[in-house]
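>>> Build me a model:
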Amino acid sequence: MIPGLRARNPLKPSGTSEEQVVQGARHTVDTIDSASRGDAAAFMVLYYAKARAVSAYLAPVAPDEHDRERRLRRVFLRAWQQLPSLERPEEFDLWLLRLADDEVRGSQELHTTAGTPAHPVVGELFILPRRLREVLALRYFFGLGREQAARAFAVEVAQIEEWQRHGLETLATATSRSRLRRAA
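Okay, the predicted model is just below:
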């Protein structure tokens, strides 16, 4: 495991029953459905629930708070505009991550003029194939559990565990290589 990365599940705080988690997930699906039909108040609930995760994902290319807020607004504006096209509410976090990912990948700050990553963590994260990067981001930025991530990708939990393991191993290897290059 990479130091400092811990998966968390904000939908299941300690002491929460499985029934309460299911009720919370149902509420989230209802909120997504309402927002996709143009309910601005429902969309604001989603914004406040997800803005911190998206902001953290944007942070490496937008360390300035004002720039990060501008990018966050762009991501959520696209989300508001495109939400009616989301077919499965279970995919909302993955879909929103992809919008944030597009914002990061389109960033001029992602690469220096020499074509090398301007921020080592971003460069290492973006060497991963998209699916591995998405699994790690959903687990570590968005705080989804394995079961929630599996539902978002419509795969078995074992597949999520495999993608997460492979992504973390690849990221750890890249981090080690990066440290060695900087030390040389």
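>>> which parts of the strand or helix carrying Gln148 are buried?
Here Gln148 sits within helix 146-153, counting by DSSP states H and E. If you call a residue buried by 16 or more other Cβ atoms under 10 Å, then helix 146-153 has these buried ones: 146, 148-153. The C-beta positions use only the backbone N, C-alpha and C, and glycine is treated the same way.
>>> Kindly provide the whole-number mean pLDDT of it.
Mean pLDDT, helix 146-153: 93.
>>> what about Ala62, is that helix, strand or coil?
Under the three-state scheme (DSSP: H, G, I helix; E, B strand; the rest coil), Ala62 adopts coil.
>>> which residue packs closest to it, ignoring adjacent ones?
In space, and not counting its chain neighbours, Ala62 is closest to Arg68: 3.9 Å by Cβ to Cβ, 6 or more residues apart in numbering.
>>> can you check Glu161 too?
Using Cβ to Cβ, 6+ apart and skipping residues adjacent in sequence, the residue nearest Glu161 is Arg146, 6.3 Å away.
>>> is it true that that neighbour touches Gln159?
No: with contact defined as Cβ atoms under 8 Å, Arg146 does not reach Gln159; the gap is 9.8 Å.
>>> Any regions of this protein where pLDDT drops low?
For the chain, the stretches with pLDDT under 70 are 1-27, 107-123, 178-184.
>>> for it, what's the longest helix?
With residue count as the measure and DSSP state H as the assignment, the chain has helix 157-183 as its longest helix.
>>> Show me what counts as buried in that one.
Residues of helix 157-183 classed as buried: 159-160, 163-164, 166-168, 170-171, 174-175, 178 (neighbour count, 16+ other Cβ under 10 Å).
>>> Check the secondary structure at Arg133 for me.
Here Arg133 takes the helix state, with states given by three-state DSSP.
>>> what about it, how many neighbours?
Residues lying near Arg133 (other Cβ atoms under 10 Å) number 19.
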